[in-house]
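# predicted model and sequence below, questions to follow.
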Amino acid sequence: MDGGNLASDLVIAELISMGFEISEASKAIQEVGPSLNNAIDFILNGCKKISRKRDLSGTGKQSIRGTRQSSIMDHLQSSKKTTCSVSRSQSNEDWEVRANILLQKYFGYPSLKKFQREALGAWIEHKDCLVLAATGSGKSLCFQIPALLTGKVVVVISPLISLMHDQCLKLSKHGVSACFLGSGQTDQSVQQKAMRGMYEIIYVCPETILRLIKPLESLAANRGIALFAIDEAHCVSKWGHDFRPDYRRLSALRDNFNAKKLAFLNCDIPIMALTATATAQVRDDILKSLHMSENPMIVLTSFFRPNLRFSVKHSRTCSSSYERDFCELIEAYDKNRNQKCSRRTKLPLENISVGTSSQDEIYDWEEGGCASEEDDDDITLPKRKQLSVEYLEDESDLLMDADDFDVTCGEFNGWSSTKDLDVCEGMAEEGLTIIYVPTRKETLSIAKYLCRFGVKAAAYHAKLPKSQLRKVHKEFHENALQVVVATIAFGMGIDKLNVRRIIHYGWPQSLEAYYQEAGRAGRDGKLADCVLYANLSRMPSLLPSRRSEEQSTQAYKMLSDCFRYAMRTSRCRAQMLVQYFGEDFSDDSCHLCDVCVKGPPEKQNLQDEVRILMQMIVAHHETKCNVEGSYDDDNYNYNHNICREKPNVKMFVCRIREQNQQLATTDLLWWRGLVRILEDKGFLREGDDKVHVQIKYPEPTKLGLEFVFSETAMELAFNVCPEADMLLSQSRLKSYPSFAEWGKGWADPEIRKQRLSRNRPWRKPRRTNKQTVRGRYGLLNTCRGDD
Ligand SMILES: Nc1ncnc2c1ncn2[C@@H]1O[C@H](COP(=O)(O)OP(=O)(O)OP(=O)(O)O)[C@@H](O)[C@H]1O
Ligand SMILES: [Mg+2]
């Protein structure tokens, strides 16, 4: 066999493995010679272009502008058109068979998952499509397969260079050529090659694609664009987490790449948007914002990840709690060395490197994070720096910049070496851990702490030198690291199989962000832990960012949902999470999370406390209504003053303490939990027009009023599971079935003496101006209607 025949045979074999028929492969080779790309082009674009030599050499000399890009269906049906007319279902089977062959050949998987088939089915029919599938479920293949099936280019919009880099690297190892284009690149050569159709898949950040519309039109006219994929599509929506304004401008894709606008297109180039975390509101926003065509296909799969074990733990999340909180983690990595926690030896600090950082990045930050309007409570507050948005924005990372690496573009020519992949994934026994923290400083301090105990840990945040970030990525992928302590800048969409633990050390900003980050664990399907350490005695605060009023409201709402998730003690965590995304969770329990394993806490009868609190709130409300509705009343001015000040939860609690001796030392934390329970039951609502993390100015609802005025309802037992903050508060005191029970103890002089002599560290010294406090109580006292 001569060299020419051998080359032809190899190309034919390649074409067959791609799913083309042997007859069409042979014919193509006869016509265009032993060139794989030319043969694909010939098959795809039909006989009329036999004489056209496809230019993939990078010279870009030929142009087929003016010819019409064939539809995907045309291509897939072409093999049989000459012999028989095919039904749609036959051709569907056809592309599925081909896709499965390619899947096996390139990625080594036997078959497409159901949702992947559905997404590809929409693409085959030229439909725009929104794919909602759990983290790690395999969304990437939905947009990678079209490039292999058609030989046309797939353009993927992705938010971060590190993510694009990761995906390109993976593809190249599977023999698929790819490149990525970030923003602000100086080297134009990769972009030029990409626009000439040299790569099967082009990853590009949203900023860049918006200035590449014209070159992309040429690409569509020449090699052809099979699909625009918008990965991490939740970034489109203002209502989601990680909103990126440039993502919103991606409507330019639908507006520019449609058959009406581009004469050479038979059909619109399909758009596929993909995300793992989108509520119903976010989904609608994505469809609208991207100007998706009418009747787009929505592929919705379960968000449930059965191998993730969720739990919530109380921690002050400051340096003094590291020892307690990270003991288990250190122990896990210590196992190999057969050392016990207590026998661990600390390394001297000077030997520890957790990533280079200039001194001014290590702020003298006090525990507890950022300021919050919600902080006005009983709990001792940390000392804080003067806070300003600029200062704090510099402390935490926002997902605004695509270029998180020290390169802005890169090319990856496919080389088939799955061996390399195996090396990369060489399983470290104990697996990897990612710890997410809110501020940059904490990444460094926790990494440093872990390193002192011999754990291979590194810090990762946006302000570290880019070369360092690449190094951390590389070492993470090669299992040279055990723990990465990071801000949100790390890990989006990154497919690393053996992440065994995702620890959130501090409040996440939303459940979307939390679930997205937690979803980076257990991608190999094996059991993995997702632990949220949060200070349950303090309400979380928003990390500062410039937000419109509307965005602030939304941000508080999302933070509030996250807070409530952590506070719940009686509902399966996985169930709460998937229901948050609008999914019906058919099982009652995941059987894994802390709530499912421990079971809910014992119910307590809070009848007395509920009655006292509700009556007090209702009394205030009634007085207020009377005043507002009686302008002619002689007492108007007097009463008006009484009600002008909107009482918050804290003021009601102070009054309860004053007026009920048995509740005199009760904790605001506990009452806050009760207010949330009453809100959930529909008895209370927020009386302020601003959204707060939880009710700040309680007001009775209609149901709440009915409850208070119904004698029978008030006499019934009010059995509920206390929320996490209530349990925390009670554990600091002593466990009593209810506060009223506990309060009775004060009548006994001996118990009273003991209690008073006990150290009560959770109580901070009163810092409020005495007169003002008295004044407030005084006002409230005059409002009383019940006692
Ligand atoms: N059909 C399949 N059969 C088996 N494994 C698959 C299949 N499709 C994808 N996978 C594997 O699933 C893993 C996760 O894929 P991928 O990175 O695409 O997830 P994802 O859905 O994009 O997650 P994220 O939302 O976190 O970005 C990969 O290792 C991939 O190879
Ligand atoms: Mg992904």
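Arrived safely. Ligands and ions are numbered 1, 2, ... in the order given.

# per-domain residue ranges of this protein.
Residue ranges for the domains of the chain, per the TED database: 4-45, 97-300, 308-339+427-598, 604-626+646-731.

# among the ones you listed, which comes closest to ligand 1?
domain 97-300 (2.6 Å; Cβ to the nearest ligand atom). (C-beta placed from N, C-alpha, C; glycine too.)

# look up phi and psi at Y436.
With angles defined as degrees, to the nearest 10, Y436 sits at phi -100, psi 130.

# same question for R309.
According to degrees, to the nearest 10, R309 has phi -110, psi 110.

# residue contacts, it?
With contact taken as Cβ atoms under 8 Å, 6 or more residues apart in numbering, R309 is in contact with L527, A528, D529, C530, L592, C593.

# among those, which lie within strands?
Taking DSSP state E, the ones among the contacts of R309 that sit in strands are A528, D529, C530.

# residue contacts, the second one?
Right, D529. The contact partners of D529, taken as Cβ under 8 Å, 6+ apart, are L308, R309, S311, R500, R501, I502, I503, A521.

# can you check the last one too?
Shown here is C530, whose contacts under the criterion Cβ under 8 Å, 6+ apart are L308, R309, F310, S311, R501, I502, H504, A518, A521.

# circling back to that earlier point, I'd like the domains of the chain as CSV, with distance to ligand 2 appended.
What follows is the domains of the chain, written out as CSV (distance: least, Cβ to the ion, whole Å):
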stretch, distance to ligand 2
domain 4-45, 24
domain 97-300, 5
domain 308-339+427-598, 4
domain 604-626+646-731, 30
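
# N413: which of those is closest?
Closest to N413 of the domains of the chain, according to Cβ to Cβ: domain 97-300, at 5.0 Å.

# please state the offset of that closest one from the chain centre?
Mean-position distance between domain 97-300 and its chain equals 20 Å (Cα atoms, centre = their mean, to the nearest Å).

# now do the same end-to-end measure for that domain.
Domain 97-300 has its terminal residues 23 Å apart, counting by Cα to Cα, to the nearest Å.

# is that domain anywhere near ligand 1?
Yes: on the criterion Cβ under 6 Å from any ligand atom, domain 97-300 is in touch with ligand 1 at 107, 109, 112-113, 116, 133, 135-141, 276.

# follow-up on the earlier one: now the contacts of C530 in TSV, with secondary structure and pLDDT?
TSV is the format used below for the contacts of C530 (DSSP: H, G, I helix; E, B strand; the rest coil; pLDDT from 0 to 100):
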residue	secondary structure	pLDDT
L308	strand	96
R309	strand	97
F310	strand	97
S311	strand	97
R501	strand	96
I502	strand	97
H504	strand	98
A518	helix	96
A521	coil	96
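
# ok, of these, which come out buried?
Buried residues within these, defined by neighbour count using 16 or more other Cβ atoms under 10 Å: L308, R309, F310, S311, R501, I502, H504, A518, A521.

# which two of the residues you listed have the greatest separation?
R309 and H504 (13.9 Å).

# correct me if wrong: C572 contacts V597.
No: applying Cβ atoms under 8 Å, one finds C572 not in contact with V597, separated by 10.1 Å.
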